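**Q** Here is my input, please return the structure:
(one chain, ligands or ions: 2)
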Amino acid sequence: TDPALIRNFCIIAHIDHGKSTLADRMLQLTGVVEQRQMRAQYLDRMDIERERGITIKSQAVRLPWAPVRGEDGAVGRTHILNLIDTPGHVDFTYEVSRSLAACEGAILLVDAAQGIEAQTLANLYLALENDLTIIPVLNKIDLPAAQPEKYAAELAHIIGCDAADVLKVSAKTGQGVEELLDECVRQIPAPVGNPDGPARAMIFDSVYDSYRGVVTYVRVVDGQLSKRERIAMMSTKASHELLEIGVISPEPKAADGLGVGEVGYLITGVKDVRQSKVGDTITSASKGAVEPLGGYKDPKPMVFSGLYPIDGSDYPLLRDALDKLLLNDAALVYEPETSAALGFGFRVGFLGLLHLEIIRERLEREFNLDLIATAPNVVYRVVMEDGTEHVVTNPSEFPEGKIAEVHEPMVRATVLTPNDFVGAVMELCQSRRGNMQGMDYLSEDRVELRYTLPLAEIVFDFFDALKSKTRGYASLDYEPTGEQSAALVKVDVLLHGEKVDAFSAIVHKDKAYHYGVQMASKLRELIPRQQFEVPIQAAIGARVIARETVRAIRKDVLAKCYGGDISRKRKLLEKQKEGKKRMKMVGRVEVPQEAFIAALSTD
Ligand code: GDP
Ligand code: MG
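**A** Residues are numbered from 1 along each chain as shown. Ligands and ions are numbered 1, 2, ... in the order given. Next up is the predicted model:
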């Protein structure tokens, strides 16, 4: 295809603002899916099929479109629109940035009854950083609650255009979607590249398929990739044969090759997504390019948590499950870890909290594992007075001795909130050691607040606190922005004089006391009485900052059932046995699993 006829774009939208529905209308209007085959959320359903191992994910669909209106020569000429899908969540900022880098334009799709959300705003900023042409669009104008004029003004204010330039569509009825396709052709620049240079293609997604191995999605920048040639990954220098290359429209169709500006998929027989990394540059194995395309980064885990099987004999299952997940997730890292309290498990690194939750849920649902996860923590860099340095991913391994400085990761956070809650949001950010960077009225009643905050303060329960202080109206997005030194200390929790490693935490010194008191009293409620008294202490080094006691029991439970009712007695015994199974011994103290789970939950 002549690059002049190609337009590569994505849709930036908050969840539920209508991205899938708009994609449906586009598939229909461009004739890619016939009327009678059309079902709602066509591309999403293809993804579900893919999860069952049947089709290739519709990560980028090719839509032929001949503009209907306009005064230039484009009218009536068939163009190729490539719609590239972007992951929506903050944890995957890097993946989002690579999808955006594969595009020249972005449709900014906003629900006309809701207005823009923080996450959308963050992705918009990323798109602007990648120099994309933004087409602002309000969706759902068919809704009685739509306020297109109000939100058009808001969008115009944010991107600095005229409110009249904001397109208004209904993805549901199709109103305005044809005009939108025409505008994509008119406004989005055609890709530019050197057709005669050595091949360079950027990987913007890479997915493991149990039948075909890894399917890699690419955008060709220069030159040409042809089937059967040998290609090389520039970050690893590894070379592979191109077994298949093609485009998706909406089913995968093999092709002879892909040229400048084209978007499609390729298969090499690679079995593991880490050999085909998002952001990497693909070139020809012989006479390949020397300079990779810019922007490649190794995924860097930001949040760590210990994962332990509740039933210790599940440990090998957990290891196999993690190995399997790794095939499809280049960002996941883990290593074995032993905890005195929790037994054998793994220290697992994630991109963020959502990533953590996704992995945990997949382990529990797909692999049938019952897990305990320790409270998520960030990565600390500890500099000792003698100049040595430690990178701490597990709080219980925080070094003892003379510490000069502790550095913690910081984020740049954006909060969007209705005017009424500005005070509450500021108070919350302040209490989480935030530093205000700026504030902007998007419209009369909606405000954007920008803060830098320690990531550690966000991974705990910031989002829940934000939602409850703003009755659910505020939205949040954040991205990493380096590190900062802070007065951080390690708080240990001791049961009957023994440190419980799973409860060690790194906290700001001003919050250490509160943390210690809270943990001690929580544990006192959760730990059942034993035959002896159990002191619970929180300590910084040797200094005890909080203390509680679980008093000893006096009578055997069975004493309650005076002789007589044998079946009742048996029941009680069984119940006790059942309970015992889920106990962990910490030193001499029996602690029920539930106590760990409850104590490790963040509220
Ligand atoms: P996504 O999460 O951005 O992919 O959003 P969906 O396309 O799944 O849409 C979310 C909900 O909004 C669905 O119930 C859609 O039917 C509905 N929806 C999408 N576009 C429109 C529209 O133009 N008008 C109306 N009334 N509803 C819409
Ligand atoms: Mg969707």
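**Q** Disregarding residues adjacent in the polypeptide, which is nearest to the closest residue to ligand 1 within the stretch 251-400 of the chain?
**A** Taking C-beta to the nearest ligand atom, ligand 1 has its nearest neighbour within the stretch 251-400 of the chain at L354, 15.5 Å off. Heads up, the C-betas are built off the backbone N, CA and C, glycines and all. The spatial neighbour of L354 that comes closest, neighbours along the chain excluded (C-beta to C-beta, 6 or more residues apart in numbering), is D91 at 4.6 Å.
**Q** E427 now?
**A** Distances taken as C-beta to C-beta, 6+ apart place K469 nearest to E427, at 7.9 Å, with adjacent residues excluded.
**Q** before we move on, back to that, and the residue of the stretch 251-400 of the chain closest to ligand 1, how many neighbours?
**A** Using other C-beta atoms under 10 Å, L354 has 16 other residues around it.
**Q** Kindly state the pLDDT recorded for S97?
**A** Confidence at S97, expressed as pLDDT, is 87.
**Q** should've said S339
**A** 85.
**Q** beta partners for it?
**A** The partner list for S339 in beta bridges (DSSP bridges) reads G343.
**Q** Can you tell me the number of residues neighbouring it?
**A** The number of residues packed around S339, counting by other C-beta under 10 Å, is 19.
**Q** And for S249?
**A** Neighbour count of S249, defined by other C-beta under 10 Å: 20.
**Q** Skip the chain neighbours and tell me the closest residue to it.
**A** In space, and not counting its chain neighbours, S249 is closest to R62: 4.2 Å by C-beta to C-beta, 6+ apart.
**Q** Also D111?
**A** Per C-beta to C-beta, 6+ apart, closest to D111 is H17, 4.2 Å.
**Q** Provide a list of residues in contact with the one you found.
**A** Residues in contact with H17, defined by C-beta atoms under 8 Å, 6 or more residues apart in numbering, are 109-111, 114, 117, 120, 139-140.
**Q** I'd like the distance between the one residue sitting closest to the centre of the chain and A232.
**A** Central residue of the chain (C-alpha atoms, centre = their mean): D91, 3.0 Å from the mean position. Computed with C-beta to C-beta, to the nearest Å, the distance linking D91 and A232 is 30 Å.
**Q** ok, the helix or strand encompassing I135: who's next to it in the sheet?
**A** According to DSSP states H and E, I135 maps onto strand 133-139. Sheet pairing of strand 133-139 (DSSP bridges) gives strand 105-111 (parallel), strand 167-168 (parallel).
**Q** Out of those, flag the one nearest S339.
**A** Closest approach to S339 among these (C-beta to C-beta): strand 105-111, 45.5 Å.
**Q** any residues touching the helix or strand following that closest one, and which ones?
**A** With elements assigned by DSSP H and E, the helix or strand that comes after strand 105-111 is helix 118-129. Outside helix 118-129, the residues that touch it by C-beta under 8 Å, 6+ apart are 12-14, 17, 86, 88-90, 93, 96-97, 100, 106, 108, 110, 116, 134, 158-159, 414-416, 448, 474-479.
**Q** residue ranges of the helices in the stretch 201-350 of the chain, please?
**A** Assigned by DSSP state H, counting those that start in this stretch, the stretch 201-350 of the chain shows helices spanning 315-327.
**Q** Show the low-confidence segments of it, by residue range.
**A** Of all residues in the stretch 201-350 of the chain, none has pLDDT under 70.
**Q** Go again with 80.
**A** 210, 328, 340-341 (pLDDT under 80).
**Q** Next, count neighbours for whichever residue of it sits closest to ligand 1.
**A** Across the stretch 201-350 of the chain, the shortest distance to ligand 1 (C-beta to the nearest ligand atom) belongs to P250, at 15.8 Å. When neighbours are counted by other C-beta under 10 Å, P250 registers 18.
**Q** just G295 next, same as before
**A** Neighbours of G295 under the rule other C-beta under 10 Å: 13.
**Q** which secondary structure elements does the longest strand anywhere in the chain contact?
**A** Ordering each strand of the chain by length in residues (DSSP state E) puts strand 403-418 first. Packing contacts for strand 403-418, counted by 3 or more C-beta pairs under 8 Å, 6 or more residues apart in numbering; DSSP states H and E, involve helix 118-129, strand 380-384, helix 422-431, strand 446-454, helix 455-459, strand 475-485.
**Q** need the residues of the chain near ligand 1, please.
**A** Residues of the chain found near ligand 1 (C-beta under 6 Å from any ligand atom) are 13, 15-21, 139-140, 142-143, 170-172.
**Q** give me the subset of the residues you listed touching ligand 2.
**A** When C-beta under 5 Å from the ion is applied, the members of these adjacent to ligand 2 are 19-20.
**Q** secondary structure element for K522?
**A** Element membership of K522, judged by DSSP H and E, is helix 509-526.
**Q** what's the neighbour count on the residue in the stretch 451-600 of the chain that ligand 2 sits nearest to?
**A** The stretch 451-600 of the chain approaches ligand 2 most closely through S475 (17.3 Å), counting by C-beta to the ion. Residues lying near S475 (other C-beta under 10 Å) number 21.
**Q** Apart from its chain neighbours, what residue comes closest to it?
**A** Using C-beta to C-beta, 6+ apart, the nearest residue to S475 is A118, at 3.8 Å.
**Q** could you check the distance from the one you found over to K297?
**A** Counting by C-beta to C-beta, the separation of A118 from K297 is 23 Å.
**Q** Next: E479.
**A** E479 sits 13 Å away from K297, going by C-beta to C-beta.
**Q** May I see the buried residues of stretch 242-249?
**A** 242, 244-249 (16 or more other C-beta atoms under 10 Å).
**Q** Could you export it as PDB, CA atoms only?
**A** Output in PDB follows, covering the C-alpha atoms of stretch 242-249 (Å, rounded to 0.1, in the frame of the first residue of the first chain):
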ATOM      1  CA  LEU A 242       9.300 -15.200   9.800                       C
ATOM      2  CA  LEU A 243       6.800 -18.000   9.600                       C
ATOM      3  CA  GLU A 244       3.800 -15.800   8.900                       C
ATOM      4  CA  ILE A 245       3.100 -12.200   8.400                       C
ATOM      5  CA  GLY A 246      -0.200 -10.500   7.800                       C
ATOM      6  CA  VAL A 247      -3.000  -8.100   8.600                       C
ATOM      7  CA  ILE A 248      -6.200  -8.400  10.600                       C
ATOM      8  CA  SER A 249      -9.400  -7.300   9.000                       C
END
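**Q** For it, what is the distance to the chain centroid?
**A** For stretch 242-249, the distance from its own C-alpha centre to the chain's C-alpha centre is 28 Å (C-alpha atoms, centre = their mean, to the nearest Å).
**Q** ok, back up a step: I'd like to know how far the residue nearest to S475 sits from K402.
**A** Distance of A118 to K402, computed by C-beta to C-beta: 42 Å.
**Q** what about those two, which has more around it?
**A** With other C-beta under 10 Å as the criterion, A118 and K402 differ in neighbour count, and A118 comes out ahead with 22 against 8.
**Q** Do I have it right that D16 meets L109?
**A** No: judged on C-beta atoms under 8 Å, D16 makes no contact with L109 at a distance of 10.9 Å.
**Q** how about the helix or strand encompassing the residue of the stretch 251-400 of the chain closest to ligand 1: buried residues?
**A** Per DSSP H and E: L354 is located in helix 353-366. Using 16+ other C-beta under 10 Å as the test for burial, helix 353-366 gives 353-356, 358-360, 362-363.
**Q** repeat for stretch 463-474
**A** Neighbour counts over stretch 463-474 (16+ other C-beta under 10 Å) mark 463, 465-466, 469-470, 474 as buried.
**Q** Return the subset of those residues lying in helices.
**A** Secondary structure from DSSP state H places 463, 465-466, 469 of these in helices.
**Q** Which of those residues sits closest to ligand 1?
**A** F463 (18.9 Å).
**Q** What count of nearby residues applies to the residue lying closest to the closest one once chain neighbours are set aside?
**A** Setting aside the residues directly before and after it, F463 is nearest to L476 in space (C-beta to C-beta, 6+ apart), at 6.0 Å. With neighbours defined by other C-beta under 10 Å, the count for L476 comes to 22.
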